[in-house]
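Q: Show me the folded form of this:
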Amino acid sequence: MLRFVLRHLGLTLVAVWGALSAVFLVLHSSGDPAVMMAPVGADEDQIARLSHALGYDRPLAEQYVTFFGDVLRGDFPDSLTFQQSALHVVLERLPATVTLAVTALLIACVAAAAAGLWSGSREGGGARREWPMWLVFLAQSVPGFYIGVLLVWIFGVQLRWLPTSGSEGAGALLLPALTLACGVTPPLARVFRNSLRGELARPYTRTGIALGMSRARVLRHAAHGSMLPTITILGLEAGALLGGTVIVESVFSWPGVGQLVITALQNEDYPLVLADLTFLITAFVLVNLIVDLLYGLLDPRVRHTSARS
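A: As a prediction, the model looks like this:
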């Protein structure tokens, strides 16, 4: 188990290094960051002094080493918009994004389990068996932005049941969480349904039925066997949620990291963009590391295969 953990931890570090290297190169490909950070109307001398003070006039390789040193220390320049540490601004918004993402995942897991169990456990075909999956795929076919606007119009404007923006109270959380869940539920439901059908076709389920086991007990065992591939998709979607919150948080004015990205881009706040991207990339990779480790705990065969390779 230790070798399995160390191997995946090493791969995670390599992934973080590669992604942050890409961020560094992309942000520097547009030219001197000091040009974006300088006040409007600054002349060339002011830009040159700012570039020298921040070290952007040094060789690119030296800036690259300094960049990773700052990332490891969590030492980012002050945000131009908020006039404080960019990392501190990101961490202040983190709880709101985590709350939104976790709520969306819980809703998606419940909806995917219900739709997958209904469609995967019933014999035959047609609308009676597949209607939950049709609803799920319909939600997938509509962009998240339009789903958010539609939910605001129905539940916020027409029915006036829920607030349409802000983060005050549990009601304000429901609409953005539902919008995010609509994008996560379809892949989870599809994988769980297909895995469940495969498990129900295996000999051990037929043997259990022949021995007199109840249908509910057989389904419970089959559902447990279907969890492994579903967990893999769940990990990918959980990481993607952190990036997907950018649009949803903007639609609902949810004060999270996603909305902060839009603010940073609109204001050309280079330090804040850098801190935001660094956080989102690191969080995505760490979530997938947790899923890989959880996968190994649930299925010992994964650990043994990894150890042999």
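Q: Read off the pLDDT value for the residue located most distally from the centre of the chain.
A: When distances are taken from the C-alpha mean of the chain, residue 211 lies farthest, 43.7 Å away, according to Cα atoms, centre = their mean. Residue-level confidence at residue 211 comes out at 79, pLDDT.
Q: which residues does it contact?
A: Applying Cβ atoms under 8 Å, 6 or more residues apart in numbering, we find residue 211 in contact with no residue. For glycine as for every other residue, the C-beta is placed from the backbone atoms N, C-alpha and C.
Q: how much space between it and residue 218?
A: Using Cβ to Cβ, to the nearest Å, residue 211 is found at 10 Å from residue 218.
Q: same deal with residue 43?
A: Noted for residue 43: a distance of 77 Å to residue 218, by Cβ to Cβ.
Q: So for the two, which sits in the more crowded spot?
A: Set side by side, residue 43 and residue 218 show unequal neighbour counts under other Cβ atoms under 10 Å, the larger going to residue 218 at 19 against 8.
Q: What is the burial count for residue 244?
A: One way to gauge burial is a neighbour count; for residue 244, by other Cβ under 10 Å, it gives 19.
Q: So residue 146 lies in a strand, does it not?
A: No - in this structure, residue 146 is helix, not part of a strand, as judged by DSSP: H, G, I helix; E, B strand; the rest coil.
Q: now the closest residue to residue 69 other than its chain neighbours: how far from residue 87?
A: What sits nearest to residue 69 in space, not counting adjacent residues and going by Cβ to Cβ, 6 or more residues apart in numbering, is residue 75, at 7.9 Å. Taking Cβ to Cβ as the measure, residue 75 and residue 87 are separated by 8 Å.
Q: If you count surrounding residues, which of the two has more?
A: For residue 75 versus residue 87, neighbours defined as other Cβ under 10 Å are more numerous around residue 87 (24 against 12).
Q: Show me what the host helix or strand of the more buried one packs onto, helices and strands only.
A: Residue 87 is part of helix 86-121 when elements are defined by DSSP states H and E. Applying 3 or more Cβ pairs under 8 Å, 6 or more residues apart in numbering; DSSP states H and E, one finds that helix 86-121 makes contact with helix 127-141, helix 170-200, helix 215-225, helix 227-251, helix 257-266, helix 270-298.
Q: Kindly state the pLDDT recorded for residue 110?
A: On the pLDDT scale, residue 110 is placed at 92.
Q: Share the number of residues neighbouring it, please.
A: Applying other Cβ under 10 Å, we find 12 other residues in the vicinity of residue 110.
Q: Residue 248 too?
A: What residue 248 shows, counting by other Cβ under 10 Å, is a neighbour count of 28.
Q: Repeat that for the one 4 residues further on.
A: Residue 252 is flanked by 27 other residues according to other Cβ under 10 Å.
Q: ok, now how distant is it from residue 163?
A: In this view, residue 252 and residue 163 are 9 Å apart by Cβ to Cβ.
Q: Would you mind listing the residues touching both of the two?
A: With contacts defined as Cβ under 8 Å, 6+ apart, the residues shared by residue 252 and residue 163 are 172, 175.
Q: What is the least confident helix or strand in this structure?
A: The element with the least model confidence among the helices and strands of the chain, by mean pLDDT, DSSP states H and E, is helix 300-308, at a mean of 52.
Q: Next, the buried residues of stretch 50-65.
A: Of the residues in stretch 50-65, those buried under the neighbour-count criterion (16 or more other Cβ atoms under 10 Å) are 50, 51, 54, 56, 63.
Q: So among those residues, where is pLDDT lowest?
A: Within those, pLDDT reaches its minimum at residue 54, with 72.
Q: element containing residue 162?
A: Under the assignment given by DSSP H and E, residue 162 is not contained in any helix or strand.
Q: From residue 186, how far out is it?
A: As judged by Cβ to Cβ, residue 162 and residue 186 stand 23 Å apart.
Q: Residue 120 now?
A: To residue 186, residue 120 is 14 Å away according to Cβ to Cβ.
Q: and if you look at residue 91?
A: Distance of residue 91 to residue 186, given as Cβ to Cβ: 32 Å.
Q: A strand includes the residue nearest to residue 69, no?
A: No - counting by three-state DSSP, one finds residue 75 to be coil, located in no strand.
Q: any chance you could read off phi and psi for it?
A: Taking degrees, to the nearest 10, you get phi -100, psi 90 for the backbone angles of residue 75.
Q: per-domain residue ranges of the chain.
A: The chain resolves into domains spanning 31-75, 88-308 when parsed by automatic domain parsing.
Q: which of the ones you listed is buried the deepest?
A: Neighbour counts averaged per stretch over the domains of the chain are highest for domain 88-308, at a mean of 18; criterion: mean count of other Cβ atoms under 10 Å.
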